[in-house]
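Asker: I'll drop the sequence and a predicted model, then ask my questions.
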Amino acid sequence: GALVYQYPRRTICKSGTSMRMECQAVGFQATSVAWYRQSPQKTFELIALSTVNSAIKYEQNFTQEKFPISHPNLSFSSMTVLNAYLEDRGLYLCGARAPGLGVEQYFGPGTRLTVL
Amino acid sequence: QQKVQQSPESLIVPEGGMASLNCTSSDRNVDYFWWYRQHSGKSPKMLMSIFSNGEKEEGRFTVHLNKASLHTSLHIRDSQPSDSALYLCAASLNTNTGKLTFGDGTVLTVKP
């Protein structure tokens, strides 16, 4: 079956520091990977969408300078939260799609970021 | 401006009862609607998706879609305490992109 792993599951960083999180598709080749952030109030925001053979598209309020993403192959993506502050707290979810598996977007378990 | 609105924000139903959740998109370009369930501390899991007008049923779950009004609803019959969770509605422009726009969710509590 299609699985998406995320690492780490939880992380704590000091305000102003950076942290990197990873997303791995297992059992399928992800043609697109979307990074979302779910705030402590449970609101979902799309950060960026990374599609094979296309440039990474960032949503309004999110920039490559703040959330650089690397998507080197069809099974792996990583995102870094640079210079993290309190408003960056939340659950960072990676959603991967593979059209051959239908239209569903498979989510990983998320990386929960706490900023002190 | 929130493009996907869900209502109610929270809902309490007795065990065995019917739960009805609503979702409307303000973006006329959307084509697909998705319903996800997220238990506390877990990641969202897709329940059902719908893109055609009408109704789709899977077990205790039924989804309706009215494309003219861009309104979808999720109905859970014979609700169980294990159905207690955050229910998220998402919309996408088409199935070729991985971009989902989520609503703020409905917190469902099923009381034994």
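Answerer: Okay, I see it. Numbers count the residues shown, from 1 in each chain, chains lettered A, B, ... in the order given.
Asker: and B:Leu21, what does it touch?
Answerer: B:6-8, B:11, B:35, B:73-76, B:87, B:89, B:106, B:108 (C-beta atoms under 8 Å, 6 or more residues apart in numbering or on different chains). To be clear about C-beta, it is placed using only N, CA and C from the backbone, and glycine gets the same treatment.
Asker: quick one: it and A:Ile56, what's the gap?
Answerer: Distance, B:Leu21 to A:Ile56, by C-beta to C-beta, to the nearest Å: 33 Å.
Asker: can you pick the most crowded of the contacts of B:Leu21?
Answerer: B:Cys89 (28 neighbours; other C-beta atoms under 10 Å in any protein chain shown).
Asker: now chain B, which segments are flagged as low pLDDT?
Answerer: In the prediction, chain B carries residues with pLDDT under 70 at positions B:1-2, B:94-98.
Asker: returning to what we had before: and the contacts of B:Leu21, which of them are in strands?
Answerer: B:Gln6, B:Ser7, B:Leu11, B:Trp35, B:Ser73, B:Leu74, B:His75, B:Ile76, B:Tyr87, B:Cys89, B:Thr106, B:Leu108 (DSSP state E).
Asker: any idea how far A:Gly90 is from the last one?
Answerer: Between B:Leu108 and A:Gly90 the distance, using C-beta to C-beta, works out to 22 Å.
Asker: show me what contacts the residue sitting furthest away from the middle of chain B?
Answerer: Within chain B, B:Pro112 marks the point farthest from the mean C-alpha position, 22.4 Å out by C-alpha atoms, centre = their mean. Applying C-beta under 8 Å, 6+ apart to B:Pro112 gives the contacts B:Glu15, B:Pro81.
Asker: for chain B, what lies in contact range of chain A?
Answerer: B:32, B:34, B:42-46, B:49, B:86, B:88, B:90, B:95-102, B:104-105 (C-beta under 8 Å from any C-beta of the partner chain).
Asker: give me the buried subset of the residues you listed.
Answerer: B:32, B:34, B:43-44, B:46, B:49, B:86, B:88, B:90, B:95, B:97-102, B:104-105 (16 or more other C-beta atoms under 10 Å in any protein chain shown).
Asker: SS state for the residue lying farthest from the centre of chain A?
Answerer: Distance from the centre of chain A peaks at A:Gly100, with 21.6 Å (C-alpha atoms, centre = their mean). Classification of A:Gly100 by DSSP: H, G, I helix; E, B strand; the rest coil places it in helix.
Asker: wait, isn't it in contact with A:Phe28?
Answerer: Yes - using C-beta atoms under 8 Å, A:Gly100 is in contact with A:Phe28, at 7.4 Å.
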